[in-house]
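Participant: Please find the sequence and the predicted model below.
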Amino acid sequence: NVDGLMPVVGATVKDPTALQRTQPSVALLHTVLAVHHFTPPPAAGAGAAEDGAEEEDEETQQARAMAASNVAGYVVVHDVSVERQTIAVLAPSPAALPSLHFVCGTVKWLEQT
């Protein structure tokens, strides 16, 4: 971790664990994804920040809610179609996934034959 070696004045402000939206790319191939039970929060209506707190944009609110949601299970990216913006996954069950909201990290799954 390079940030641990930086002086305090040069520390990064960005949260390294913050969720970011991503598009399907070849880099996702063989990546383990967590499938989340996630329901997007309702859109902020008028008067949502009555106490003077700063309002967060909708994407930030959804990222916070997703980070707090439960994981239903894990799948592995088997194929990526960049042209169609789709991914094919290997799942432990033939049933439909409970959600199409995924979180990916850096874990890769490669089978040895």
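Facilitator: Received the coordinates, thanks.
Participant: Between the two ends of stretch 20-33, what distance do you get?
Facilitator: Terminal residues of stretch 20-33 lie 14 Å apart, using CA to CA, to the nearest Å.
Participant: Mean confidence (pLDDT) on it, please.
Facilitator: On average, the pLDDT along stretch 20-33 is 90.
Participant: Check which residues of that stretch are buried.
Facilitator: Neighbour counts over stretch 20-33 (16 or more other CB atoms under 10 Å) mark 24, 28, 31-33 as buried. For every residue, glycine as well, the C-beta is placed using N, CA and C.
Participant: Stretch 32-41: which residues count as buried?
Facilitator: For stretch 32-41, by 16+ other CB under 10 Å, it's 32-36, 38.
Participant: Show me what it is in contact with.
Facilitator: 61-62, 65-66, 69-77, 89, 97-99, 101-105, 107-109 (CB atoms under 8 Å, 6 or more residues apart in numbering).
Participant: Repeat the analysis, applying 10 Å as the threshold.
Facilitator: Contacts with stretch 32-41, where a contact means CB atoms under 10 Å, 6 or more residues apart in numbering, come from 58, 61-62, 64-77, 87, 89-91, 97-109.
Participant: still on that earlier bit, just send the buried residues of stretch 32-41 back as a markdown table, with distance to residue 83 and secondary structure too.
Facilitator: Below are those laid out as a markdown table (distance: CB to CB, whole Å; DSSP: H, G, I helix; E, B strand; the rest coil):
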| residue | distance to residue 83 | secondary structure |
| --- | --- | --- |
| 32 | 24 | strand |
| 33 | 20 | strand |
| 34 | 26 | strand |
| 35 | 24 | strand |
| 36 | 26 | strand |
| 38 | 27 | coil |
